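Asker: no sequence on this one, just coordinates:
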């Protein structure tokens, strides 16, 4: 399983005109242990399909174990009133 450090989550689409329920999400971060990417490479994942359990996330092509999130992402969560649960950091519908 690939590990993602210094990660954050973002919209997969570049359009602001897409209804929220139609949006999909991707991960950004520094990857380690990926079969096709060099360790330490900054990546944008394929679309998140599901949160498997805890810190494991399934994208279209890869399962990622989430390491430590980006400090900027944690600041964004806090400033927008979102709680961060380190045991279950993503809640994607």
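Answerer: Nice, thanks for sending it over. The model shown is predicted, which means the values in this text are computed figures rather than measured ones.

Asker: what helix or strand is the residue nearest the centre of the chain on?
Answerer: In the chain, the C-alpha nearest the mean C-alpha coordinate belongs to residue 27, at 2.9 Å (Cα atoms, centre = their mean). Element membership of residue 27 [criterion: DSSP states H and E] is strand 25-32.

Asker: list the buried residues for the helix or strand following that strand?
Answerer: Next along the chain after strand 25-32, taking DSSP H and E as the criterion, comes strand 41-44. Neighbour counts over strand 41-44 (16 or more other Cβ atoms under 10 Å) mark residue 43 as buried. In short, each C-beta sits where N, CA and C put it, glycine included.

Asker: what helices and strands are in contact with the helix or strand just after strand 41-44?
Answerer: Following strand 41-44 in sequence order, the next helix or strand is strand 48-53 (DSSP H and E). The helices and strands touching strand 48-53, judged by 3 or more Cβ pairs under 8 Å, 6 or more residues apart in numbering; DSSP states H and E, are strand 25-32, strand 56-59.

Asker: got the angle between the first one and strand 48-53?
Answerer: Same thing as strand 25-32. 70 degrees (axes from the mean of the first three to the mean of the last three Cα atoms, to 10 degrees).

Asker: who does strand 25-32 pair up with?
Answerer: With DSSP bridges as the test, strand 25-32 is paired with strand 2-11 (antiparallel), strand 41-44 (antiparallel).

Asker: please pull out the lowest mean pLDDT helix or strand from this structure.
Answerer: Sorting the helices and strands of the chain by mean pLDDT, DSSP states H and E puts strand 48-53 at the bottom, at a mean of 90.

Asker: list the buried residues for that strand?
Answerer: With burial defined by 16+ other Cβ under 10 Å, the residues of strand 48-53 counted as buried are 48, 51.
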